[in-house]
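[1] Sequence plus the predicted model coming up.
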Amino acid sequence: MPINRTASTSVGVPRGLAGVVVTDTSLGDVRGLEGFYHYRQYSAVELAQTRGFEDVWHLMVHGELPDAEQRAAFTARTAALRRLPDEVSATLPAVAAAGRSGPLAGLRTALSLLGAAKGFRPVYDIDPEQRRADTITASAAVPTLLTALYRLGQGLDPVEPREDLSYAANYLYMLTGSEPDAARTRAIEQYLISTIDHGFNASTFTARVITSTGADVAAALVGAVGALSGPLHGGAPSRALDTLDAIGTPERINSWIRERVLAGDRIMGFGHPVYRTEDPRSRMLRGIAEQFGGPLVDFAVEVERHVEAILAELKPGRELHTNVEFYAGVVMELCGLPREMFTPTFAAARVVGWSANILEQAEDPKIIRPAARYVGPVPPVAVPLMV
Ligand SMILES: CC(C)(COP(=O)(O)OP(=O)(O)OC[C@H]1O[C@@H](n2cnc3c(N)ncnc32)[C@H](O)[C@@H]1OP(=O)(O)O)[C@@H](O)C(=O)NCCC(=O)NCCS
C-alpha cells in the first residue's frame, strides 16, 4: 500500500514522544541518567525526608515552602475542604455499586460530581486565584472520595474526615476507621510526597492537554486519573506484589523470572521510560521498608537482586532496575493498605502534581494540538455506491 506523507509543516518525533520537550516548566524535572528528580528547586527525596505533605503541596501550588504561619493557614484551609458536599456524598453509594473496577474508576465519576457541585468553571474564564482555589478544593476531597468509594465497595460506611489529623494520617484514618500509628503515618506520608510529581508523565501530560483547551479543573483531573489507571503507568504496585506472591519462595525466583522474560512478559515494578539507573524513589522506599523489616522485605530485596541480574543478562544494555512501584507496593502492604487501594493512594498524591501542572498550563493560552501522519489508502478514493 503506498504511503501518503502529509503536509510539509509537520515535524516527525520519536515514538511515544520520548524525550520531546513540549513546554517550559518551573515545577520540576527528572534527570534519568543521574537518578535524580526535583520539585521546583528542591530534591524531591529530601523534601520527602524532611517535610510534611502539606508543606510540599503548598510548594507546588503556591511556588514556595510555607513559613509557620502559612503552614498553619494552609493546613486549616485544606483540612476544612475534606468534607464532601451533601449531594456528592449522597451519590457515592451508587457510584461505588456501579464501579466494579474499583475506587480509582469511581474517582473519575466522583470528581465530575464534585466539580459540578462546587461550581467549577472553565479555567479559561476564571482568574489564577480561583483556579488555584479549585485545585485545592479538588485535591483536598480526593482522599475522602477514594476512601468512601473503597469502603462502600466493601459494604462498609464511609468514615467522616477529621480536621485535626494531617493529610496522610487522615487518609489512613478514613480508610481503616482507626487512627494510624506514627511510624506507618510517616511512611505513607513519605511515599505520598515522593509521588506528587514526576516530569511529563502520561497523566500529567493528559491533564495539561485538557487544561490547554480551557476546560475546568475537574475535567483535567478526570482525564489524568484515566491515564494513571493503566498498568504501564500507575497500575503496577499491586501487580508487583502479586508477582512476589506468584514467585512464592526464593528457590523459584530464577526460573519464574527467566520464563516470563523469555516469553516476552514485563516484570512489574521494573524498568522506567526515563531512569537508566536506580529510581531514587525506589531507593528511598526500600530504606523505609527495611526500617520495618520482616520476611516480605527480605524476600523483596532478594527478588530485586535476582531480577536485576536476569534482566541485565537477557536484556543487555537496557538498564532495567526497580521503579517506584516495586517498593511502594511493599511499603503500602506493610502499612496495612489493601491492594486495591495502592494505585488510588498514588492518585491521592499525584493530584497535587496534576494541580500544579494545571495551574502552570492555564497561564499559556496556546492549545496543545499535535498532528498524526496519515498512512492509510491514498485519498481521495471515490465513495462506493450504497448497496
Ligand atoms: C515502565 C515501562 C512501561 C517503560 O517502558 P518503555 O520506556 O517503553 O521501555 P521499553 O519498552 O523501551 O523497554 C526497553 C526494553 O526493555 C524491556 N523491558 C522494559 N521493562 C521491562 C520489564 N519490566 N520486564 C522485562 N523487560 C522489560 C522491553 O521489553 C524492551 O525490550 P526490547 O528492547 O527487547 O524490545 C516498562 O519498563 C514496563 O512495562 N515496566 C513494567 C510495568 C511497570 O512497572 N510500570 C510502572 C512504571 S513507574
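    Cool, the structure landed. What you see is a predicted model; the values in this text were computed from it and never measured.
[2] in the strand or helix carrying H38, what's buried?
    Using DSSP states H and E, H38 falls within strand 36-39. Using 16 or more other Cβ atoms under 10 Å as the test for burial, strand 36-39 gives Y37, H38, Y39. To be clear about C-beta, it is placed using only N, CA and C from the backbone, and glycine gets the same treatment.
[3] CA atoms of it as CSV?
    C-alpha atoms of strand 36-39 as CSV (Å, rounded to 0.1, in the frame of the first residue of the first chain):
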residue,chain,number,x,y,z
PHE,A,36,17.6,12.5,40.5
TYR,A,37,14.3,14.4,40.4
HIS,A,38,13.2,17.6,42.0
TYR,A,39,10.1,19.7,42.8
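[4] Give the other helices and strands that that strand contacts.
    Helices and strands touching strand 36-39, by 3 or more Cβ pairs under 8 Å, 6 or more residues apart in numbering; DSSP states H and E, are strand 28-31, helix 44-50, helix 53-62, helix 280-292.
[5] What mean pLDDT does the second one get?
    Okay, so that is helix 44-50. Regarding helix 44-50, the rounded mean pLDDT is 98.
[6] Give me the contact list for it.
    The contact list for helix 44-50, computed with Cβ atoms under 8 Å, 6 or more residues apart in numbering, reads 28, 37-39, 55-56, 59, 190-191, 193-194, 196-197, 280-281, 283-284.
[7] Are any of those buried, and if so which?
    Neighbour counting with 16+ other Cβ under 10 Å marks 28, 37-39, 55-56, 59, 190-191, 193-194, 196-197, 280-281, 284 as buried within these.
[8] Tell me the one of those residues nearest the ligand?
    Set against the ligand, the nearest of these by Cβ to the nearest ligand atom is R281 (8.9 Å).
[9] just to revisit the earlier point, give me the subset of the buried ones among the contacts of helix 44-50 that also touch the ligand.
    Checked against the ligand using Cβ under 6 Å from any ligand atom, the buried ones among the contacts of helix 44-50 give no members in range.
[10] Farthest-apart pair in these, please.
    In terms of Cβ to Cβ, the buried ones among the contacts of helix 44-50 reach their longest pairwise distance at D55 and P280, which sit 19.3 Å apart.
[11] hmm, back to that, distance from the strand holding H38 to the middle of the chain?
    Strand 36-39 sits 16 Å away from the centroid of its parent chain (Cα atoms, centre = their mean, to the nearest Å).
[12] got the contact list for it?
    Here strand 36-39 makes contact (Cβ under 8 Å, 6+ apart) with 27-31, 43-45, 47, 56, 59-60, 196-199, 280-281.
[13] Mind doing that once more with 7 Å?
    The contact list for strand 36-39 (Cβ atoms under 7 Å, 6 or more residues apart in numbering) reads 27-31, 44, 47, 56, 59-60, 196-198, 280.
[14] Give the partner strands of that strand in its sheet and their orientations.
    Strands that pair with strand 36-39, judged by DSSP bridges, come out as strand 28-31 (antiparallel), strand 42-43 (antiparallel).
[15] Now do the residue in the stretch 251-387 of the chain that the ligand sits nearest to, the pLDDT please.
    As assessed by Cβ to the nearest ligand atom, the ligand sits closest to G271 within the stretch 251-387 of the chain, at 2.2 Å. pLDDT, G271: 93.
[16] Nearest residue to it in space, ignoring adjacent ones along the chain?
    L320 (4.7 Å; Cβ to Cβ, 6 or more residues apart in numbering).
[17] Run through the helices of the stretch 251-387 of the chain in chain order.
    Secondary structure of the stretch 251-387 of the chain (DSSP state H, counting those that start in this stretch): helices at 253-262, 280-292, 295-314, 324-334, 342-362.
[18] V20: which of the ones you listed is closest?
    Nearest of the helices of the stretch 251-387 of the chain (Cβ to Cβ): helix 342-362, 16.5 Å.
[19] Mind checking the pLDDT average for that closest one?
    Average pLDDT, helix 342-362: 97.
[20] relative to helix 324-334, how tilted is that helix?
    Helix 342-362 and helix 324-334 are oriented at 130 degrees to each other (axes from the mean of the first three to the mean of the last three Cα atoms, to 10 degrees).
[21] Centre of the chain to helix 342-362, how far?
    With Cα atoms, centre = their mean, you get 7 Å for helix 342-362.
[22] what's the longest helix along the chain packed up against?
    Looking across the chain with DSSP state H, the single longest helix is helix 128-153. Under the contact definition 3 or more Cβ pairs under 7 Å, 6 or more residues apart in numbering; DSSP states H and E, helix 128-153 sits against helix 53-62, helix 86-98, helix 103-117, helix 167-176, helix 217-228, helix 342-362.
[23] can you list the ones you listed in a markdown table and add distance to Y275?
    Converted to a markdown table, those look like this (distance: least, Cβ to Cβ, whole Å):
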| stretch | distance to Y275 |
| --- | --- |
| helix 53-62 | 21 |
| helix 86-98 | 36 |
| helix 103-117 | 24 |
| helix 167-176 | 25 |
| helix 217-228 | 18 |
| helix 342-362 | 17 |
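[24] A372: which of these is closest?
    Closest among these, using Cβ to Cβ: helix 217-228, at 18.5 Å.
[25] pull the CA atoms of that closest one into CSV?
    Taking Å, rounded to 0.1, in the frame of the first residue of the first chain, the C-alpha atoms of helix 217-228 are listed here in CSV:
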residue,chain,number,x,y,z
VAL,A,217,-10.1,21.7,36.8
ALA,A,218,-12.3,18.6,37.3
ALA,A,219,-12.2,17.8,33.6
ALA,A,220,-8.4,17.9,33.6
LEU,A,221,-8.2,15.8,36.8
VAL,A,222,-10.7,13.2,35.5
GLY,A,223,-8.6,12.7,32.3
ALA,A,224,-5.4,12.4,34.4
VAL,A,225,-7.0,9.7,36.6
GLY,A,226,-7.9,7.8,33.5
ALA,A,227,-4.3,7.9,32.2
LEU,A,228,-2.9,6.9,35.6
